[in-house]
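Visitor: structure of the sequence below:
(2 chains)
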2 protein chains.
Amino acid sequence: MSEMFNVLTPDEAFQVLKQHLSPLREREVVPSAEALGRITAEEVRSPEDLPAFPRSTMDGYSVRSQDTYGATEAVPAYLEVVGEVATGEASTVELGRGQAAKAYTGGMLAGSADAVVMVERTQQVDETTIEVVRAVAPGENVVNVGEDVRRGDAVLPPGHLIRPQDIGGLMALGLTDIAVTRRPRVAIVSTGDELVPPAGNPGPAQIRDVNTYTVSSLVSQAGGIPMPVGLVADEYEAQREAAIRGLDTADVLVFSAGSSLSSRDLTAAVIDALGAPGVLVHGISIKPGKPTIVGVVDGKPAFGLPGNPVSAMVVFGLLVRPTIALLSGLTGVVERPTVVATLTRDIPSLAGREDHVEVHLVHEDGRIDAEPVFGKSNLIFTLMRADGTVKVPLDKGGLYAGEQVEVSLY
Amino acid sequence: MSEMFNVLTPDEAFQVLKQHLSPLREREVVPSAEALGRITAEEVRSPEDLPAFPRSTMDGYSVRSQDTYGATEAVPAYLEVVGEVATGEASTVELGRGQAAKAYTGGMLAGSADAVVMVERTQQVDETTIEVVRAVAPGENVVNVGEDVRRGDAVLPPGHLIRPQDIGGLMALGLTDIAVTRRPRVAIVSTGDELVPPAGNPGPAQIRDVNTYTVSSLVSQAGGIPMPVGLVADEYEAQREAAIRGLDTADVLVFSAGSSLSSRDLTAAVIDALGAPGVLVHGISIKPGKPTIVGVVDGKPAFGLPGNPVSAMVVFGLLVRPTIALLSGLTGVVERPTVVATLTRDIPSLAGREDHVEVHLVHEDGRIDAEPVFGKSNLIFTLMRADGTVKVPLDKGGLYAGEQVEVSLY
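Guide: Model (predicted):
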């Protein structure tokens, strides 16, 4: 046990943990069409120029731009229309001086053409002649070969979260499969003598297990694979056995710890016994969420989340979510989305402690108000009434009604 | 055809469409554990009080609060410890005047107790006596019966997007199944003579289909079920047949239209021919995305998205995404998350047109810069380089470098 007895901030705790972690090495090749939300395992380079042929971006006429120089409404240029290039078909037309060919949006330019005149800037004079009333520059209304992306260009960096447009870009290049990182598997052990499965009828002093399901959903949202191990009593051997079973296949271990002091000590003892270095951080300077345990067991991160749902959710967002991101190789920012809102009531706090307060958002006349949802932190319905959280930083004694605050959204 | 020849703003176009739409009526009952991201089909009321028994929120002693009145460090109250209540077990202890029972976080209070004294506020005097050094009020360190939620209370409204904490709350109440709305099915038809499937090798003037995959991913993100119908040539009969096939099972029809004028007219003609009222809006005052078609076919919304990927994505966000939300019964705000950033370059625009400009975000020293990604709007890699978009409102002639702008994130 290399436990730190100084209470760390959530950020400091994550920094301590981070030193022990590195991204998972395994990768998977998946169809690009199913890669939404996955993380690229390596840099993706373009195998070809895109577009592969000069494309018109307008309906009109392929021209040699020099033939239109000086053209105006008063003194138009006259061009001979010598053919057309249908969309999807290779050009069989070659332009000579003073010649043009009908062009369509998305279609290939005629041979020797370097620009397209929009149809709106032309007048039909007779069957084979048009007037051009405005000059075009070389490349105007054209996407040139390689203008979107060049062969060999990096199109996606490693560690990139794949979005709809990225899937589109891969498809554009014919990259119908992509190497992505493996989703981290997260074993979830809910402990507590008072817990029963939700489907059952609790006895007179029992309550239904909530955190297995809340934490599983949070893991899915974070890009991990939840692996619930089950409900375990506050008993050393049972917890150790469940943790070993979980770690057998998982990359991360999350205890939703019992709430009593002894239960938390039990979780810490189990994490210490599982492997080195064991518990790294016991307790963080945050409300709610102080009794949090952070450890590493033979290279795998292990967390003891407080048993009450609000604390568990806050600590998950600050520690477990960035851990899943790190293991999946995600680079860049993983902050929750935020909105700026006007606080409706004072939030008292203590300097030296980071407070996370649930707020309910009220949209009115284009303004957003953030109403603190005060409630004991073991009440799940505090969370259900909330749309997000407001952070009171470590060095502040509170926030005041009327202040503009940044709300991290659920 | 009840086409409007005045060009509408995107908002106006959605308002016109909205009058023809109503939420899908069908509902599905799914396990609550799998309901993340689904929409509640009806109000959920609590079948019971939560908690069902008075719970301690601390480790310490169940007491009758009146027995501690006036207790201080100097003049402590002395209480007789007559038993304990183990976590998860019903109390078999009944407190008389001056008595206390050991209590654990999450455990039931002893009979006749109305508060808990934290263990830190007590001193063990002898085997059966403790000193209490601070008074507790009735209800202190206790969650009373029904304090989290009361039987019959509304816990989730209809049309609510289910989040991790909502799943937890349902489980806490034993609601292991939940009625949710049906996910809207969206048929996607990609049209264009130049398009080939991504796996194939394009001919000299062909390009690979991008929008089927981009739009499918956007539909999934919006909570719908994408149903790609396939690639169709710019040909009236082929498009009509594909649309009918799509609408046979889908709730929404999306054409990723060819880019040429004739192709767009074709899409409009097909939508008009499919059913009443047909095309409602042809062209919106937006850049990129002007050549957008919005219609309704026998009660089902039908869209002609511009063929180029950037326009298609912008218009999807403004029109198709809120349509999917409306059909799924979602109430409340469906805005994309935003961040405030500093614009690094001027963005010119025209008053009377809503511009959506792709930006790349640079995080530096806690500040966020938004760099416009200028590029022809038919370039998929413009989108891949972007982290979000900045809107230049209808009534503005542009935005200036150094301005604080709201970036809608991808």
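Visitor: what are the phi and psi values at the residue lying farthest from the centre of chain A?
Guide: Each residue of chain A has a distance to the centre, and by C-alpha atoms, centre = their mean the biggest one is for A:Asp126: 57.5 Å. Backbone torsions of A:Asp126, given as degrees, to the nearest 10, read phi -150, psi -170.
Visitor: that one and A:Pro198: what is the separation?
Guide: 81 Å (C-beta to C-beta, to the nearest Å). Bear in mind the C-beta positions are built from the backbone N, C-alpha and C, glycine included.
Visitor: how about A:Gln19?
Guide: Taken as C-beta to C-beta, the span from A:Gln19 to A:Pro198 is 38 Å.
Visitor: more neighbours: those two, which one.
Guide: Using other C-beta atoms under 10 Å in any protein chain shown, the more surrounded residue of A:Gln19 and A:Pro198 is A:Pro198, with 23 against 9.
Visitor: those residues of the stretch 301-410 of chain A touching chain B, which are they?
Guide: A:307, A:309, A:313, A:333, A:337-340, A:363, A:376, A:378-381, A:383-384, A:386, A:409-410 (C-beta under 8 Å from any C-beta of the partner chain).
Visitor: list the residues that contact A:Ile130.
Guide: A:61, A:78-79, A:81, A:100, A:122-124 (C-beta atoms under 8 Å, 6 or more residues apart in numbering or on different chains).
Visitor: among these, who's most crowded?
Guide: Of the contacts of A:Ile130, with other C-beta under 10 Å as the count, A:Ala100 tops at 31 neighbours.
Visitor: distance check, that one against A:Glu84.
Guide: On the measure of C-beta to C-beta, A:Ala100 and A:Glu84 end up 10 Å apart.
Visitor: for A:Glu26, phi and psi?
Guide: Here is the backbone geometry of A:Glu26 (degrees, to the nearest 10): phi -70, psi 150.
Visitor: can I assume A:Ala242 is in contact with A:Gly230?
Guide: Yes - counting by C-beta atoms under 8 Å, A:Gly230 is a contact partner of A:Ala242 at 6.6 Å.
Visitor: pick out whichever of the two has more residues nearby.
Guide: Taking neighbours as other C-beta under 10 Å, A:Ala242 and A:Gly230 compare with A:Ala242 leading, 23 against 14.
Visitor: so what's that one up against?
Guide: Contacts of A:Ala242 (C-beta under 8 Å, 6+ apart): A:189, A:229-230, A:232.
Visitor: pLDDT score for it?
Guide: pLDDT for A:Ala242: 97.
Visitor: where does it land in three-state SS?
Guide: Per DSSP: H, G, I helix; E, B strand; the rest coil, the local secondary structure of A:Ala242 is helix.
Visitor: any idea what sits nearest A:Leu394, other than its immediate chain neighbours?
Guide: Nearest residue to A:Leu394, sequence neighbours excluded (C-beta to C-beta, 6 or more residues apart in numbering or on different chains): A:Glu354, at 5.0 Å.
Visitor: number of residues surrounding that neighbour?
Guide: Going by other C-beta under 10 Å, the residues that sit close to A:Glu354 add up to 22.
Visitor: what's the pLDDT at it?
Guide: Looking at A:Glu354, its pLDDT stands at 90.
Visitor: what of A:Gly111?
Guide: According to the model, A:Gly111 scores 97 on pLDDT.
Visitor: mind picking out the helix or strand in chain A with the poorest mean pLDDT?
Guide: One helix or strand of chain A scores below all others by mean pLDDT, DSSP states H and E: helix A:380-385, with a mean of 86.
Visitor: for chain B, what's its nearest residue on the stretch 301-410 of chain A.
Guide: Using C-beta to the nearest C-beta, A:Pro337 is the residue of the stretch 301-410 of chain A that sits closest to chain B, at 2.9 Å.
Visitor: verify the stated contact: that residue with A:Glu406.
Guide: No - counting by C-beta under 8 Å, A:Pro337 stays clear of A:Glu406, with 10.5 Å between them.
Visitor: contacting residues around A:Gly168?
Guide: A:Gly168 touches B:210-211, B:213-214, B:217, B:309, B:380, B:383, counting by C-beta under 8 Å, 6+ apart.
Visitor: ignore the last one, A:Leu173
Guide: Contacts of A:Leu173 (C-beta under 8 Å, 6+ apart): A:46-48, A:50, A:149, A:155, B:208.
Visitor: let's see which of the contacts of A:Ala242 end up in strands.
Guide: Counted as lying in strands by DSSP state E, out of the contacts of A:Ala242, are A:189, A:229-230, A:232.
Visitor: pLDDT-wise, what's the bottom of the residues you listed?
Guide: Among the ones in strands among the contacts of A:Ala242, pLDDT bottoms out at A:Gly230, giving 91.
Visitor: relative to A:Asp153, how far out is that residue?
Guide: 49 Å.
Visitor: before we move on, what about A:Ala401?
Guide: Relative to A:Asp153, and taking C-beta to C-beta, A:Ala401 is found at 52 Å.
Visitor: now A:Ile207
Guide: 57 Å.
Visitor: swap in A:Thr214?
Guide: 43 Å.
Visitor: neighbour count winner among those two?
Guide: Remark: of A:Thr214 and A:Asp153, A:Thr214 carries more neighbours, 29 against 14, as counted by other C-beta under 10 Å.
Visitor: residues touching the more buried one, list them.
Guide: Contacts of A:Thr214 (C-beta under 8 Å, 6+ apart): A:309, A:312-313, B:164-165, B:167-168.
Visitor: from those, pick the one nearest B:Arg27.
Guide: For the contacts of A:Thr214, the closest approach to B:Arg27 (C-beta to C-beta) belongs to B:Ile167, at 17.8 Å.
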